[in-house]
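Novice: here is my input, please return the structure:
(one chain, ligands or ions: 1)
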Amino acid sequence: MRMYDLIEKKKHGVALTREEIFEMISLYTDEKIPDYQMSALMMAIYFNGMTDEETFTLTEAMAKSGDTVDLSRFGDRSVDKHSTGGVGDKTTLIVAPIVAAAGGIVAKMSGRGLGHTGGTVDKLESFPGFCTSLTPEEFADQSERVGLAVIGQSADLAPADKKLYALRDVTATVDSLPLIASSIMSKKLAAGTRSIVLDVKCGSGAFMRTPEDATRLAETMVRIGIANGRNTAAVITNMDIPLGHAIGNAMEVTEAIEVLRGGGPDDLRTVCLTLATRMIALSCQNSIEDAEAIAKDCLYSGKAYQKFCRWIEAQGGDASYAKDPTLFGIAAHVGEVCAEDDLYIASCNAEMIGTAAMILGAGRQTKDSVIDPRAGIHLLKKPGDRVKKGEVIARLFTERKDTLDAAASTVRSALTFSESAVEAQPLIYAIIDGNTVRSKEDA
Ligand code: URA
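Specialist: Just a heads-up that it's a prediction; the model follows:
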């Protein structure tokens, strides 16, 4: 195989063969193909796309480029959830214990936050002592014992994707649908669960800005999962507005605990129950109606909260924080953004709110930035709410006083106002599973 020939083929829109894709991924992982040639191929894919067959093969080749986790002993019960990334997205902290309480086995690798989006691993590390690096044996053992384990991404999992993603990031080729879909799904396949539910975010704080683009990505990922023998479904959810009221690690954990105790914001609870229903349906083989009733029972009976406490303890975290979240404490400096008039809030740009939280210390500007668990934003008012002049819309928390002005001005720029009432946006745009997914040709 000559890489030059593959670039030439793809430049003219000719599909690559299975053998070509597997050999190319293997050689690239072993550093036998230079980045400049791979960049040229990525750009040709960006312009000419890939057939479903090519996308499935690329995903499989990347998934097999390194270690794979063997969870076969759990059968369909092993289940993973993936979010394409958002602001205030603490759903894993709620959904995972609900599903584990229902009998699913949630064995999950999660990421850290970068830029305006948060990461589950950072949120979990708000608990003193919580350990996100378990050995493969510890991971499988805890999954079985507790029904739930969440660890950081292993460097040896889908190493081809790691290299390719870093290359795409600097060659303007991230936003190619087959490349995004294969990148995400290669890690899910390597992580080994039989059932996969994807939370594809859509809106100003997400990769996919429109429901149409989000649907095309979701459908491609569902087709990849099914082609690889995994029970796969996707829920397309709103990320035009941050989810819930809390943005920032310990604050998000506290809000998740509120939901697990039967309170918390409605939007967050609705998205969590929708995701949990699909995960229970796939992993425990229930009808959607039964799965929904089970998810609600696990949440409202307190079984999911008990499972959450057990999970935190099992991974070395101080579970007294789960019982009394005030132990997380409050950051040293607090700022406010107030309404300048009597108006309705019309919109709240999720990306900008995420950026403001990052400025306060809740997120990373670079991979090496250090997170401040107590930094963040509490959005007291959201689109649709009426505010009075002087009323607090958002409270800002930080250990670094000098960040307050820049963050407050970013929050102000994220908001728009209206004199008349505004219509609520949909929270869930669509649900795609094996029964409803369209073929590439029909999409
Ligand atoms: N997340 C990934 O893991 N890969 C992409 O290509 C985009 C988002």
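
Novice: please make it C-alpha for all contacts and neighbour counts, starting now.
Specialist: OK.

Novice: which residues touch the closest residue to the ligand within the stretch 201-350 of the chain?
Specialist: Nearest to the ligand in the stretch 201-350 of the chain, going by C-alpha to the nearest ligand atom, is residue 207, at a distance of 7.5 Å. Shown in contact with residue 207 (C-alpha atoms under 8 Å, 6 or more residues apart in numbering): 84, 85, 201.

Novice: can you do 10 Å?
Specialist: Residues near residue 207 by C-alpha atoms under 10 Å, 6 or more residues apart in numbering: 84, 85, 86, 174, 175, 180, 200, 201, 213, 214, 239.

Novice: and the two most separated of the residues you listed?
Specialist: Comparing all pairs in those by C-alpha to C-alpha, the longest separation belongs to 174 and 239, at 19.4 Å.

Novice: separation between the residue in the stretch 101-250 of the chain positioned nearest to the ligand and residue 223?
Specialist: Nearest to the ligand, among the residues of the stretch 101-250 of the chain, is residue 180, at 3.5 Å (C-alpha to the nearest ligand atom). Applying C-alpha to C-alpha, to the nearest Å, the value for residue 180 to residue 223 is 14 Å.

Novice: who's more crowded, residue 174 and residue 239?
Specialist: Taking other C-alpha atoms under 10 Å, residue 174 and residue 239 do not tie; residue 239 has more neighbours (27 against 21).

Novice: over to the more buried one: give its phi and psi.
Specialist: With angles defined as degrees, to the nearest 10, residue 239 shows backbone torsions of phi -130, psi 40.

Novice: cool, and residue 319?
Specialist: Residue 319 has phi and psi values of phi -70, psi -10 when expressed as degrees, to the nearest 10.

Novice: doesn't residue 126 make contact with it?
Specialist: No: using C-alpha atoms under 10 Å, residue 319 is not in contact with residue 126; the gap is 11.3 Å.

Novice: could you list the low-pLDDT ranges of the protein?
Specialist: Of all residues in the chain, none has pLDDT under 70.

Novice: check the burial of residue 305 by counting its neighbours.
Specialist: When neighbours are counted by other C-alpha under 10 Å, residue 305 registers 26.

Novice: against residue 178, how distant is residue 51?
Specialist: From residue 51 across to residue 178, the span is 9 Å (C-alpha to C-alpha).

Novice: and these two? which has more neighbours close in?
Specialist: Counted by other C-alpha under 10 Å, residue 51 and residue 178 do not tie: residue 178 has more neighbours, with 24 against 16.

Novice: now do that one against residue 42, distance only.
Specialist: As judged by C-alpha to C-alpha, residue 178 and residue 42 stand 10 Å apart.

Novice: shared neighbours of residue 180 and residue 223, which are they?
Specialist: Common contact partners of residue 180 and residue 223 (C-alpha under 10 Å, 6+ apart): residue 217.

Novice: how about the helix ranked longest in the chain: buried residues?
Specialist: Once the chain is assigned using DSSP state H, the helix that runs over the most residues is helix 266-284. Buried residues in helix 266-284, counted by 16 or more other C-alpha atoms under 10 Å: 268-269, 271-284.

Novice: could I have that helix exported to PDB, CA atoms only?
Specialist: Provided in PDB are the C-alpha atoms of helix 266-284 (Å, rounded to 0.1, in the frame of the first residue of the first chain):
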ATOM      1  CA  ASP A 266     -36.700  20.000  35.800                       C
ATOM      2  CA  ASP A 267     -34.600  20.200  32.500                       C
ATOM      3  CA  LEU A 268     -31.800  18.200  34.000                       C
ATOM      4  CA  ARG A 269     -34.100  15.600  35.500                       C
ATOM      5  CA  THR A 270     -36.000  15.200  32.200                       C
ATOM      6  CA  VAL A 271     -32.800  14.700  30.100                       C
ATOM      7  CA  CYS A 272     -31.400  12.200  32.700                       C
ATOM      8  CA  LEU A 273     -34.600  10.100  32.800                       C
ATOM      9  CA  THR A 274     -34.700  10.000  29.000                       C
ATOM     10  CA  LEU A 275     -31.100   8.800  28.800                       C
ATOM     11  CA  ALA A 276     -31.600   6.300  31.700                       C
ATOM     12  CA  THR A 277     -34.700   4.900  30.100                       C
ATOM     13  CA  ARG A 278     -32.900   4.100  26.900                       C
ATOM     14  CA  MET A 279     -29.900   2.600  28.800                       C
ATOM     15  CA  ILE A 280     -32.200   0.400  30.900                       C
ATOM     16  CA  ALA A 281     -34.200  -0.600  27.800                       C
ATOM     17  CA  LEU A 282     -31.000  -1.700  25.900                       C
ATOM     18  CA  SER A 283     -29.100  -3.300  28.800                       C
ATOM     19  CA  CYS A 284     -31.900  -5.000  30.700                       C
END
